[in-house]
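Peer 1: structural data only, the sequence is not supplied:
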C-alpha cells in the first residue's frame, strides 16, 4: 500500500513541476513582456528586444513569431500576451473587433513585397508577370496570411494569374523553400530578402503593382504587464526602435 | 494496516486507486472530444462538410493515407521479417534506424526528406535530372512523407508477431514440400494476420493524421497536397467553426475504423501461437 | 535404397560427429540424453540444419555435401518429419493439415483432399476431418502429424520424440498404435527418443548418441546385455520382461513366473533394473523377496566400481553388483546362482 501511495505522489509531483515550469517561464518577473509578432519581423524584433532589455535591465522580452493570422487565432483562444504586432490591418482589425486590443493600434513600420529568387537569379525573373510561367515553381503564403493576401493583390494589380506550387503557412517558409532550392521564386517582403542575404536574391516589384504593407502594433486588452507593454511599444516607436527597423529594411510610417 | 477482505462481487476487479487513475485517463481522452462536440456549429455543419475544399482535402487524405499504408505493407513486412529472423551484424542499429521516424518530430522528418529527396537533395537531384521526377509539392510527395512516418508502426507490430511465431511451423511446412513462398502465404501470413491488421491500421491512422512532415516536404496546395490536417490547421485561422467540423469528420472516421476492428486485433495480439500439446 | 549419413557439425556447444546407415524395412532408434544431438541429426537429415562437413545421401541422391556445395532444400527432400509436440497448423482443419503437403507440391485441391481423407480413415480419424487441431487429444494429434507426414510419400520418415508429449497413461496405447503404423510404412524410419521402452517397442536397431558421438549401436538386446558406457547401462541396460499377468503374477512365454506388486492384468511389460537384482550362491536364504530364479552366470562386464552379470536360466536377467561384492563372493562365468528381486522393485505396464 505504501509503495502505491509513493508512486502516485511521485507522478503528481512530476506533473505539477512540469505545469509550474511552463508558467514560470511565462511570468517569471513583473517587468517581463510577451510579444506576438508577424514572422517577417523575426530578425528585426529579436534585435529590438535585446536593445530593449539592455535599456531596461529587469525587463525580459519573450517573442512568439508566426503568421499574423495564426497569432490572431492563438490570442482568440486566450494565449497570454502583452503586445501584438501584425503585418497587416486586416488581422489587427479582427482582434480589435473582438475587443482584445487595449487602445487604437498604431502603424510602426511599413514593408513592401519583393520576389525572392535563388542567388544569381538563375531563372532570369525580372517582373511579376514572369511568375505566371507554368514551368516555374512558385510559392507564396496562404491567402489567410498577410503576405499571401498581399501577393494576391499584386497579381491582380499586374493582371496575371499565378498558380503556386504551395501555399505556405508563413513567410519564412516561403523563404526557406527558395533558399533550399525547392522553389524557383516566392513572394515575400523586402525585409525577408535582406535577411536572407547571400542565400537569396531579390527581384524588385514595380511600384505601380506593388502594395505597401502597413504594420500596426497595439497592447492587448488582457495584458499581464500593461506598463511593460507600453514601454515596449514606446521603444518600438521611438528613435532607437525605428533605427533598428530601418536597418532591417522596413520603411518609415 | 489490516488488509480489507477482497470483495466477492465481480465489479471489484481493480483496486480503487488504480480505478481512479484509469478514470482520470479516460476523462483526459474524452474531454477534448466533448469540447469539440460542444462547440460544433451543428446548424452550419452540413455547409462546411459539403464545401468543395473540405471534400477535396478529405478525398486526398484518404487516398494518400491508403497508398502510404499499402506501401508500408509491401516494404514493411519483408523488413520486419529480416529484423525478426535473420541475425546479421548491426541488426540493432538497423532496427533503430528504421524506427527512428517514430520518435523524430515530424517536421524534422520533413526537413530530412528535403535534403534527401528534394530538388537539390542527395537522391532527389538525380530523380529530377535523369527522370524528371520531383517529389516536393506533389501528391506523391505527400505519400512519401506519410509513409516515412507511418511504416515503422507496421514494422514494429509485425516484427513482434514474427518473433513470437514458432519457427517450427515454417519448418514443418518446408518438410512437407512447401517452398519458402508457399510457406509464407499459407502458414506465416495467416499466423500473423492479427498483428498485420493492427500494424496496418496503426500505420494508416498515423498517415492520415500526418501534418508536420507533409507541410514541410510536400507543401500545401488544395487538391494536390492539402490533406485534412492541413486544411483543419489553416481553417482554424480564418474560420474556427469550419475547423471544428472538419476535425470531427476526421475523428469520426478514425473512431469508426478503430471500433470496427477492435475485436479482431485486440484479442489476438500477444497471444503466443498455440501448439497442440 | 538406403540412407547413408556422415555428419560433422558444430552448433553452439554441440560438436556432432556421426556416421550411420539405415535400410528400408528397419526402424532405427536414436537414443541418448538431452543435448546429445539426436534431434540435430534429424534436422540435418530433414534439411533444417546444414552440416559443416560430411555427406548425406538418401537413396543414393546426395542431399547435403559441403565439399562440392550440394544442398537440397527441405521441400525437395523425400523426407517426412514428425515433430515433437506435432506442430500442426492450427488455422487449418485436420483434413487440410493432412492435405497440406500434397497441395504444396501442386496436387489439385480435390485430389489432395480425397487422398487426405483416405489417410485419415486409415488412422481412424475421419470424424475429425473438419475440426481444428485444437480439439484433438495428444494421441490423436500424433496420428494426424504422422498421417500428414506420410501423405507426401516420403522415402525417409523421421520422428522426433513421438511420444514425449503424451502423459504416461496414453503413452503405452499410442506406442502400440505407432508401432503398427510404422510397420505399414515401407521406407526408412528413424525414431529419436530418450525412453528405452520406446526403443524396445518401436525399433529393430538402436544407435546410442552421447555428447555428439555414437557410443554404441546394435539391437536392443545386444546393447542391453553389453552396455559400453555408464549412461547406456543406466538407460538401456534394464531387463525387459514381457508376459501375461494374472492375479499378480506375470508369466512369460517360457513359463517363468514373476510376482509383481502393481495392479495390472493381461499382456504386460515388466522392467527390472539390474541393480535391483540380488545374486546369491546356492539357494537363497529365506528373505522377503517374492521372486527367485535359478540361473548360470554366462558373462561378466566390469564397469568401474560395478560389475554386470548376465545370467541365463529360468528368467534371463542382467544383474549389477558392486565390484567389492563380486570379488568377495568370487563369482565366475559358469557359476550357478540364484537371482532374486523384490516384487516392489518391479515396474509393470500394460502393453
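Peer 2: Looks like it arrived, so ask away. Treat the numbers as computed from the prediction; the structure is a model and nothing was measured.
Peer 1: burial count for residue 95?
Peer 2: No chain was given, so I picked chain A. Neighbours of residue A:95 under the rule other C-beta atoms under 10 Å in any protein chain shown: 22. From N, CA and C alone the C-beta is placed, and that goes for glycine too.
Peer 1: oops, chain B please
Peer 2: Per other C-beta under 10 Å, the neighbour tally for residue B:95 reads 19.
Peer 1: you'd agree it is in a helix?
Peer 2: Yes. Going by DSSP: H, G, I helix; E, B strand; the rest coil, the assignment for residue B:95 places it inside a helix.
Peer 1: my guess is it contacts residue B:82. True?
Peer 2: No. Counting by C-beta atoms under 8 Å, residue B:95 does not reach residue B:82; the two are 9.5 Å apart.
Peer 1: from the stretch 51-200 of chain C, which residue is nearest to chain A?
Peer 2: residue C:134 (39.6 Å; C-beta to the nearest C-beta).
Peer 1: count the residues that sit near that residue.
Peer 2: 11.
Peer 1: wait, it sits on residue C:91?
Peer 2: No. Look at residue C:134 against residue C:91 with C-beta under 8 Å: they stay out of range, at 10.1 Å.
Peer 1: ranges for the helices of the stretch 201-350 of chain C?
Peer 2: C:220-225, C:230-236, C:323-329 (DSSP state H, counting those that start in this stretch).
Peer 1: among these, which is nearest chain B?
Peer 2: Going by C-beta to the nearest C-beta, the one of the helices of the stretch 201-350 of chain C nearest chain B is helix C:230-236, 25.3 Å.
Peer 1: just for the stretch 51-200 of chain B, where's the confidence low?
Peer 2: Low-confidence segments of the stretch 51-200 of chain B, defined by pLDDT under 70, are absent.
Peer 1: residue numbers of it in contact with chain C?
Peer 2: B:166, B:168-169, B:171-179, B:182, B:186-187, B:190-191 (C-beta under 8 Å from any C-beta of the partner chain).
Peer 1: if we can go back for a sec, weakest of the helices of the stretch 201-350 of chain C in terms of mean pLDDT?
Peer 2: Among these, helix C:230-236 has the lowest mean pLDDT, at a mean of 72.
Peer 1: now for it, which elements pack on it?
Peer 2: Counting contacts by 3 or more C-beta pairs under 8 Å, 6 or more residues apart in numbering or on different chains; DSSP states H and E, helix C:230-236 is packed against helix C:196-202, strand C:205-210, strand C:213-218, helix C:220-225.
Peer 1: what's around the residue in the stretch 1-150 of chain B positioned nearest to chain C, how many residues?
Peer 2: Proximity of the stretch 1-150 of chain B to chain C (C-beta to the nearest C-beta) peaks at residue B:87, 13.2 Å away. With neighbours defined by other C-beta under 10 Å, the count for residue B:87 comes to 7.
Peer 1: quick revisit: quick one, which of the residues of the stretch 51-200 of chain B next to chain C are buried?
Peer 2: By neighbour count, with 16 or more other C-beta atoms under 10 Å in any protein chain shown, these hold B:166, B:168-169, B:171-179, B:182, B:186-187, B:191 as buried.
Peer 1: show me these that map onto helices.
Peer 2: Among those, the ones falling in helices (DSSP state H) are B:168-169, B:171-175, B:182, B:191.
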